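S.K.: Next come a sequence and a model predicted from it.
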Amino acid sequence: SSSSSSSSSSSSSYGGGGGGYGGYNTNTNNSSSNNSNRTFVDFSIYKSKSALSVKLVKPTFETDSQGRTIMKRSGGILLEFAPSIGTRKYDWTRKGSFMLSPIEAAELANRLNPSRQSIAQKVEFFHDPGMGGSSQGSVTKSLKMEAMPDGTGGGVFYYS
């Protein structure tokens, strides 16, 4: 494994493990396509150096001119990291956001799967929000998860 945290002021790390759970928010989706109510719960974890908020972003759909339903934007899992500014205080105005695609979320879940012989030592994702456009390369985001150094399971997230 490599270093413990990036020295950049825009980077944040979250170390997994016990304690500091909470912050449930619920979002109800009344979907007319299946006539059932679904509730999605946001989840936050608070640690001494930073906080992590996990939110489900549902895909969006639209109907085309021929009446077919097409996916306009795929959903994913939004991870938001906020630095600590004191005991049990976090600066959400300086938060960093990273949206995992469904494939990235599945890869991360697979790497963290406790039924595997051992948790993968590292997984990294890199995003360039301006990819393919004139702003390509001007803003980049990186999310890395490493196994807990003490081997107890779980992982440490690094965002920059």
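M.R.: Okay, I see it.

S.K.: what bits of this structure have low per-residue confidence?
M.R.: Scanning the chain with the threshold set as pLDDT under 70 gives 1-36, 113-121, 151, 153.

S.K.: 90 instead?
M.R.: In the predicted model of the chain, residues 1-42, 74, 88, 106-124, 127-140, 144-160 satisfy pLDDT under 90.

S.K.: Now do the strands in it.
M.R.: Along the chain, the segments classed as strands by DSSP state E run 12-15, 21-31, 36-46, 50-57, 60-63, 69-73, 76-86, 89-90, 96-100, 122-127, 141-147, 155-159.

S.K.: So which of those strands is nearest N110?
M.R.: Among these, the nearest to N110 by Cβ to Cβ is strand 122-127 (9.0 Å). The C-beta positions use only the backbone N, C-alpha and C, and glycine is treated the same way.

S.K.: Run the chain-centre distance for that closest one.
M.R.: Strand 122-127 sits 11 Å away from the centroid of its parent chain (Cα atoms, centre = their mean, to the nearest Å).
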